[in-house]
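[1] Could you look at this predicted model? Sequence included:
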Amino acid sequence: MRRVSVFGATGSIGQSTLDLIGRAPEAYHVVALTGGRNVKNLAEDARRLNAEIAVTGYDACLPALKEALAGSGIEAAAGEQALLEAADRPTDWTMSAIFGAAGLAPGLRSLRHGGTLALANKESLVTAGPLLLSEAAKHGAKVLPVDSEHSAVFQALVGEDIAHVERVIITASGGALRSWPKEKLATATVADASAHPNWDMGQRITIDSASMFNKAMELIEAKEFFGFRPDQIEVLVHPQSLVHALVGFNDGALMAHVGPSDMRHAIGYALNWPERAHLPVERLDLAKIGQLDFSAPDFERWPALTLAHHVMERGGLSGTIFNAAKETALDLFIAGEIGFQDMARLVERVLQKFWAEEPSATNGHNNAVIPLENTLEYDQIARIRAREIAPELTAG
Ligand SMILES: NC(=O)c1ccc[n+]([C@@H]2O[C@H](COP(=O)([O-])OP(=O)(O)OC[C@H]3O[C@@H](n4cnc5c(N)ncnc54)[C@H](OP(=O)(O)O)[C@@H]3O)[C@@H](O)[C@H]2O)c1
């Protein structure tokens with residue numbers, strides 16, 4: 001039996017992961033399941049899959065979790081330290097699917113026991129890519145990408161020499177607002193930005209798709225994970241979300257990965273790697289689909305993409321600041337405190353402030369390993385700066 005843990009088990013990726021694990025309960029021993037506020041689901045899944053321990057990220061949720069697990073023999077715990085202790089329990093395979101920078105520390109910690117980390121939490125690579133990969137190398141752990149685009153690139157690279165890669169193209173659906181005229185974007189509400197045309201995902205990533213911040217994060221993620229130069233990584237708008245990525249080689253070949261818009265494909269690939277196993281996802285009928293469309297991204301419409309390129313060129317703590325400012329901007333948009341387009345304006349202002357005031361921390365240190373304490377410190381400062389700057393945007 002493989003020992004597995006799922007961090008962020010109550011979320012969209014977490015639930016898809018448990019769906020796959022739950023189809024073959026005889027193959028897995030579930031060590032830890034973690035969630036946030038949704039303790040009811042967390043306890044139900046822990047009972048159903050007979051987990052050793054269920055952990056909520058929030059202390060205030062512990063009484064409810066304990067009550068929901070009463071009589072089951074399953075341990076209950078809460079808080080950041082408890083998440084780290086859960087990550088200390090040895091596993092063969094761990095899913096990192098907490099949303100946001102909160103997923104970084106538990107994922108890093110799980111690398112210590114040298115198993116496989118299936119990384120859905122893109123913030124880990126954007127915030128602390130060199131640290132995460134060096135920790136994995138130090139402990140002999142394997143990191144596998146779960147973002148569909150990066151899983152697609154990973155699959156296209158099997159058996160290939162990465163030195164032969166000229167470029168990598170990751171696709172973007174364009175999100176919920178892709179057909180909106182540019183002038184109307186300023187009026188987009190949370191509900192408008194939360195209705196993704198193709199993917200069924202959590203609300204935050206769905207809004208990030210509409211603003212293209214999700215793709216911006218993925219550009220940085222591709223640079224960090226595979227080590228490509230920023231100028232090798234491109235975005236292509238593909239409304240059907242069936243071609244997830246393409247890898248261009250030095251002989252002119254483009255290897256495209258085509259698959260259903262169902263995260264269970266990428267999760268299942270990481271779960272079964274290096275084997276392929278049967279997965280309960282749709283088999284595409286390309287004759288029925290008939291047409292696949294592609295177009296270049298509009299960088300004026302989606303300034304997040306340009307910001308990502310600046311962040312990739314700069315390196316250092318720029319990714320940490322970018323992600324923290326982005327998460328804060330998203331919180332403020334969801335709370336109705338800033339507009340849809342203010343999110344990119346705010347992230348740009350925060351980055352510019354750091355670039356002007358702290359050039360040595362945010363420049364010229366590509367691939368340097370920055371300790372977790374420094375990373376978390378800058379993450380916190382960037383969030384504070386973003387909240388300080390935000391009122392200036394709405395004041396005009
Ligand atoms: N959804 C997708 O299709 C998709 C695709 C590619 C990559 N990703 C990435 O995968 C990650 C998860 O995305 P998602 O869409 O699954 O997110 P989601 O549906 O919002 O779920 C997030 C999970 O994290 C938990 N969580 C949130 N804040 C936490 C905290 N402070 N401490 C502990 N747990 C916390 C949530 O708990 P509660 O819900 O119980 O509060 C939930 O289990 C993100 O990094 C995202 O970018 C997602």
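    Done, it's in.

[2] gap between residue 272 and residue 105?
    For residue 272, the distance to residue 105 equals 27 Å [C-beta to C-beta, to the nearest Å]. From N, CA and C alone the C-beta is placed, and that goes for glycine too.

[3] out of those two, which sits in the busier spot?
    Taking other C-beta atoms under 10 Å, residue 272 and residue 105 do not tie; residue 105 has more neighbours (20 against 14).

[4] Identify the bridge partners of the residue nearest to residue 133 when sequence neighbours are not counted.
    Once flanking residues are discounted, residue 133 sits nearest to residue 143: 6.7 Å by C-beta to C-beta, 6 or more residues apart in numbering. Legend: beta-bridge partners of residue 143 under DSSP bridges are residue 117.

[5] Can you report how many residues neighbour residue 143?
    A count of nearby residues for residue 143, using other C-beta under 10 Å, gives 21.

[6] same deal with residue 379?
    When neighbours are defined as other C-beta under 10 Å, residue 379 has 23 of them.

[7] Residue 75 is in contact with residue 85, correct?
    No. Using C-beta atoms under 8 Å, residue 85 and residue 75 do not qualify as a contacting pair, with a distance of 10.3 Å.

[8] Contacts for stretch 326-345, please.
    Residues outside stretch 326-345 that contact it (C-beta atoms under 8 Å, 6 or more residues apart in numbering): 100-101, 123, 177, 185-190, 192-193, 203-204, 207-208, 210-211, 213, 216-217, 302-304, 307, 346-347, 382-383, 386-387, 390, 393-394.

[9] who's in contact with whichever residue of the stretch 101-250 of the chain sits closest to the ligand?
    Ranked by C-beta to the nearest ligand atom, the top residue of the stretch 101-250 of the chain for proximity to the ligand is residue 202, at 2.6 Å. Going by C-beta under 8 Å, 6+ apart, residue 202 touches 11, 12, 13, 99.

[10] if you set the cut-off to 10 Å instead, what comes out?
    The contact partners of residue 202, taken as C-beta atoms under 10 Å, 6 or more residues apart in numbering, are 8, 11, 12, 13, 14, 15, 97, 99, 194, 208.

[11] Tell me the residues of the stretch 51-200 of the chain that contact the ligand?
    By C-beta under 6 Å from any ligand atom, the residues of the stretch 51-200 of the chain that approach the ligand are 57, 97, 98, 99, 102, 120, 121, 122, 123, 147, 199.

[12] Now do the third one, the pLDDT please.
    This means residue 98. Reading off the confidence values, residue 98 has pLDDT 98.

[13] Where does pLDDT dip in the protein?
    With pLDDT under 70 as the threshold, the chain has low-confidence stretches at 364-366, 396.

[14] which stretches of it form strands?
    Defined through DSSP state E, the strands belonging to the chain, from first to last, are 2-7, 28-35, 53-56, 75-78, 93-96, 116-119, 142-145, 165-172, 233-237, 243-249, 254-258.

[15] Buried deepest among those strands, which one?
    The densest packing among those, expressed as mean neighbour count by mean count of other C-beta atoms under 10 Å, is seen in strand 93-96 with a mean of 28.

[16] Could you please name the strands that strand pairs with and the direction of each pair?
    According to DSSP bridges, the neighbouring strands of strand 93-96, each with its direction, are strand 2-7 (parallel), strand 116-119 (parallel).

[17] Compute the inter-axis angle for the longest one and strand 28-35.
    Same thing as strand 2-7. Calculated by axes from the mean of the first three to the mean of the last three C-alpha atoms, to 10 degrees, strand 2-7 forms an angle of 10 degrees with strand 28-35.

[18] centre of the chain versus strand 2-7, how much separation?
    Once both centres are worked out by C-alpha atoms, centre = their mean, to the nearest Å, strand 2-7 turns out to sit 18 Å from its chain's centre.

[19] Briefly note if it comes near the ligand.
    No. With C-beta under 6 Å from any ligand atom as the measure, strand 2-7 is seen stopping short of the ligand, the closest distance being 7.3 Å.
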